[in-house]
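Trainee: Show me how the following folds:
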Amino acid sequence: MQVVETKNEGLLREYAITLLASEIEEKVDFRIEDIRKTANIPGFRPGKVPTALLKQRYGKSVMGEVLEQAVSESSRQAIEDNTLRPAMQPNIEITKFEEGEDLEYTMAVEIMPEIQPMDFSKIEVERLVCKADEKEVDETIDRLAQQYRNSEPIKRARKSKKGDVLVIDFKGMIDGEAFDGGSAEDHHLELGSNQFIPGFEDKLIGTKAGESHSVPVTFPEEYGAETLAGKDAVFDVEIKEIREMVDTVVDDEFAKTLGQESLEELRKSITERLEQDYVSLSRERLKRELLDILENEHEFEVPPGMVDAEFDSIWNQYEETRKQQGAEGAEDAEDEGKSDDELKEDYRKISLRRVQLGLLLTEVGNSNKVEVSAEEVNRGLMTEAQKYPGREKEFIEMYRNNPEAMATMRAPIFEEKVVDFILELANVTEREVGIDELMQIPNADDDTAAEKEEKKPAAKKKAAAKPRRKKAAAKKEESAEDES
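Mentor: Numbering: from 1, shown residues only. Below is the predicted model of the structure:
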């Protein structure tokens, strides 16, 4: 094997590699001998088939197998001999080969950069501490009470109003023809809940029990079912009953319906759950502040191929979201009016940041022997599986039978442990704040929409806003058993 370096620029290395014809022929002959031992060809005893006949019958497949193996082994040997640390799989291109002649190919490989971590004891970060106050708990209980409201028939005949629950039969038609999913009986519809197509509920406000109405509507252009999107329809609606919502009495009995012994215990449980959420939010804020410092304090070249791969992943996810939700649903307000080129520039910055920080954290973790145990991976797997009720076993088996999937489970655990390692060496101070400050995105005014999304704490990305965050906490109490 002959190896000649043809390019050495930044993190890119290129080599011209030649495998001598004699080396290839030797490997082919060795493989033919293997085949001879088991070849079953009429007219010949096992092990006695002539070489010429074996090459005639199996030569092409053997040659393909030998070449693939030879390129794989020789490229691996070239990497080891040149003490390279590849960032990604090498790009290999065969430039010349004829049977009986030398094989020539090129190998381009991006290598890992040299990284010198900073002195972590010089880092100063702030951990925000937030306590759940009485108002937060009261608001959570009020939302729970709203969720558990019941309805009862109105006490005297009157016209329906927003907030009422109508018991209706309905049948929808397009061009006089009924369509799938367009009819139901004894359906309970809360007016103002926006469960139906825009305009449908509004046209039923002011109606009376016993009446029948024809309600014309137009399905939105972005409606999920393509056969209905943008179509005009008419719903024949029979109003069978008008019911009104009754407020839930918040007392010990209400607490018992949520699995708590008393209202006092419910308040205590909600307080604990809210504060757990706030600890998670605080952790994400602290981690984000730390990562910003690490990014600013370290400068090293990043393999372009890794950045491209990360960008492709992010952009593909964005395009998939845009396809499902429409362009408006996929974009934040700050993205409105931006061209794809401008959006790609934003997301490429995020890709560069992710790769740079990923390489740095990996270097810190490996050099300081940070390890993830099988028990920690299994615990993370169990936690993820709980998000798929009824399919936990299927989820766990899918991951355990897929090494790449298990690696994706290990990666975030490893990252969190490396962050903890750095924080132990850093100077961390604490400051008590309110929930509004905890939920703020640092330096939001200076960031693009993509950067704001990247900076959001994971819990906030999930919750989107404080009220929804509290709602998640409230539901936790209902089941007495949440997220990611």
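Trainee: which element is Arg13 on?
Mentor: Taking DSSP states H and E as the criterion, Arg13 maps to strand 12-19.
Trainee: mind listing the helices for this protein?
Mentor: 21-38, 51-81, 134-147, 252-257, 263-297, 304-330, 340-367, 374-385, 392-400, 403-425, 435-439, 449-455, 458-463, 466-479 (DSSP state H).
Trainee: looking at these, which is closest to Ala209?
Mentor: helix 134-147 (25.0 Å; C-beta to C-beta). Where C-beta positions appear, they are placed from N, C-alpha and C, glycine not excepted.
Trainee: Show me what counts as buried in that closest one.
Mentor: Residues Glu136, Val137, Glu139, Thr140, Ile141, Arg143, Leu144 are the ones in helix 134-147 that count as buried (16 or more other C-beta atoms under 10 Å).
Trainee: Let me have the residues you listed in JSON lines, extended by pLDDT and distance to Glu416.
Mentor: Below are the buried residues of helix 134-147 laid out as JSON lines (pLDDT from 0 to 100; distance: C-beta to C-beta, whole Å):
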{"residue": "Glu136", "pLDDT": "90", "distance to Glu416": "27"}
{"residue": "Val137", "pLDDT": "93", "distance to Glu416": "29"}
{"residue": "Glu139", "pLDDT": "92", "distance to Glu416": "31"}
{"residue": "Thr140", "pLDDT": "93", "distance to Glu416": "28"}
{"residue": "Ile141", "pLDDT": "93", "distance to Glu416": "33"}
{"residue": "Arg143", "pLDDT": "92", "distance to Glu416": "31"}
{"residue": "Leu144", "pLDDT": "92", "distance to Glu416": "32"}
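Trainee: what mean pLDDT does stretch 72-83 have?
Mentor: Across stretch 72-83, pLDDT averages out at 93.
Trainee: ugh, wrong one, I meant stretch 441-459
Mentor: pLDDT averaged over stretch 441-459 gives 49.
Trainee: CSV please, covering the buried residues of helix 134-147 and showing distance to Glu363.
Mentor: Output for the buried residues of helix 134-147, formatted as CSV (distance: C-beta to C-beta, whole Å):
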residue, distance to Glu363
Glu136, 41
Val137, 44
Glu139, 45
Thr140, 43
Ile141, 48
Arg143, 46
Leu144, 47
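Trainee: so which pair among those residues is furthest apart in space?
Mentor: Glu136 and Leu144 (12.9 Å).
Trainee: can you list the weak-confidence ranges in the stretch 301-450 of the chain?
Mentor: For the stretch 301-450 of the chain, the stretches with pLDDT under 70 are 326-336, 442-450.
Trainee: let's see 90
Mentor: In the predicted model, the stretch 301-450 of the chain carries pLDDT under 90 at residues 320-340, 387, 389-392, 400-408, 435-436, 439-450.
Trainee: so what's Ile92 up against?
Mentor: Val71, Ser75, Tyr105, Thr106, Met107, Ala108 (C-beta atoms under 8 Å, 6 or more residues apart in numbering).
Trainee: An error on my part: the question was meant for Phe235.
Mentor: So Phe235 contacts Phe170, Lys171, Gly172, Met173, Gly182, Phe200, Ser214, Val215, Pro216, Val217 (C-beta under 8 Å, 6+ apart).
Trainee: Kindly report the same for Gln356.
Mentor: Each residue near Gln356 by C-beta under 8 Å, 6+ apart is listed here: Glu295, His298, Phe300, Val302.
Trainee: List the ones among those that fall in strands.
Mentor: Members of these lying in strands (criterion: DSSP state E): none.
Trainee: If you rank those by neighbours, which is first?
Mentor: The residue in the contacts of Gln356 with the most neighbours, by other C-beta atoms under 10 Å, is Val302 (22 neighbours).
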